[in-house]
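After the sequence you'll find the predicted model.
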Amino acid sequence: MKTFLGIFLVLFFSMSLLGNAQNPYFSQYYASPLYLNPALVAANREISFGVNYRSQWNSDNAPYQTGQFSFIYPILNKGALMKHLGGAGLSVFQDLAGEGGIFKTYGIKLTGGYRLPINKNHTMLMGLQGGIIHRKLDYSDLRWGSQYDPQIGFDPRINPTVGSINEQIIFPVFDAGLFWYHTLATTNYYMPSRSWSVFGGFSASNMNRPDESVLKDGRSRLPILYKVHGGLDYRASRSFKFSPTFLLMQQNDNRQYNLGSYLTYSFISDPFSQQPKTIDLQAGVWYRIEDSFIFLLGGSRNNISFGFSYDMNITSMRYNNLGAAAYEISLTYRIKKGEESRNFSTPLM
């Protein structure tokens with residue numbers, strides 16, 4: 001069994017790419033805006049640093065680990081009136097799959113977005129994203145048939161012969177997205193400047209359909225990943241905010257549907273101030289249809305937001321991995337640029 005384990009794993013991975021290749025994803029999708037939709041780089045007028053980490057199927061023999069760092073810099077026109085034109089961003093990520101991280105994916109992407117105000121309450125955002133993906137097969141810890149000596153058996157000093165497999169591949173990717181939001185201002189002094197907003201977006205990733213095959217004689221086009229997302233941000237009072245959201249994704253014949261909501265409670269230090277200092281606590285639950293329930297706890301204070309979520313698997317796979325599914329951590333730090341308040345926000349973003 002060990003003799004052919006390496007060949008089996010590599011061929012299995014290669015065939016999965018040829019059939020139903022999928023991009024990794026985050027359950028806290030609004031805490032990873034550049035990963036969700038390139039247009040969101042133009043959403044807010046703050047310099048933003050974000051870190052996301054996801055670990056999936058830890059008790060299984062082939063866990064997945066995905067991490068990302070992102071940086072967003074707003075572009076403002078400092079004229080007589082401060083005008084938010086858009087934003088630029090950088091994201092760096094890695095995805096490790098298989099026991100010991102046999103299958104490694106690294107990526108770096110640059111993002112640019114433009115903000116187009118339609119009127120006082122409606123705004124359209126547009127974004128483009130491009131980058132490089134590097135995939136590597138690290139089979140140094142695997143055993144191959146060519147490493148067996150008839151006299152002594154397995155000999156790690158023998159370099160394996162793997163003629164038909166590319167140890168690493170590099171290819172470009174291009175993404176694009178649109179995003180719209182509508183905000184309603186309120187004139188009540190004791191309420192925030194906006195009491196509710198509606199938003200929605202669409203994005204397409206891997207638009208150039210790059211070849212990602214690890215087989216030298218093979219060919220596998222990375223499928224386009226489509227995302228439709230949106231929600232409602234409703235503040236019932238200064239302390240309570242209700243934020244239902246949804247995410248629909250499709251890549252090849254693979255579909256994913258996330259439905260759920262955040263609930264935010266704000267502790268206000270000075271309730272009679274128009275811009276009081278607050279501490280926000282968030283809780284949320286989503287249902288990934290026919291897959292899992294996602295539970296989230298998070299908080300925000302000043303310019304820092306933190307979130308922790310756990311995916312509780314409800315499929316038959318929970319019996320194979322002792323019930324462990326996935327957990328995810330997000331951390332965002334923002335630096336205000338300009339005096340005006342934010343035009344758009346969701347919890348943890």
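Everything's here; your move.

Can you show me the helices along the stretch 101-250 of the chain?
Read by DSSP state H, counting those that start in this stretch, the stretch 101-250 of the chain holds no helices at all.

Test my guess that F103 contacts E167.
No. Applying CB atoms under 8 Å, one finds F103 not in contact with E167, separated by 11.5 Å. In this view, the C-beta of every residue, glycine as well, is placed from N, C-alpha and C.

Comparing these two, which shows the higher neighbour count?
Neighbours per residue, other CB atoms under 10 Å: of F103 and E167, the larger number sits with F103, 22 against 11.

which ones are touching that one?
F13, L96, A97, R135, K136, L137, D138 (CB atoms under 8 Å, 6 or more residues apart in numbering).

gap between the third one and S55?
The gap separating A97 from S55 is 12 Å, by CB to CB, to the nearest Å.

do the same with S203
The gap separating S203 from S55 is 25 Å, by CB to CB.

Between those two, tell me which one has more neighbours.
S203 (24 against 17).

now the more buried one, nearest residue through space, not along the chain?
G177 (3.4 Å; CB to CB, 6 or more residues apart in numbering).

Same question for I170.
With sequence-adjacent residues excluded and distances taken as CB to CB, 6+ apart, I170 is closest to H134, at 5.0 Å.

Find me the pLDDT at the one you found, would you?
In this prediction, H134 carries a pLDDT score of 94.

And for the one 3 residues further on?
Note for L137: predicted pLDDT of 80.

Check N303 too.
So, for N303, pLDDT stands at 87.

okay, now the closest residue to it other than its chain neighbours: neighbour count?
Of all residues not flanking N303 in the chain, R334 sits nearest, at 4.4 Å (CB to CB, 6+ apart). By the measure other CB under 10 Å, the count of residues near R334 is 20.

Test my guess that R334 contacts E46.
Yes. Using CB under 8 Å, R334 is in contact with E46, at 4.2 Å.

quick one: common contacting residues for the two?
By CB under 8 Å, 6+ apart, the residues touching both R334 and E46 are N303.
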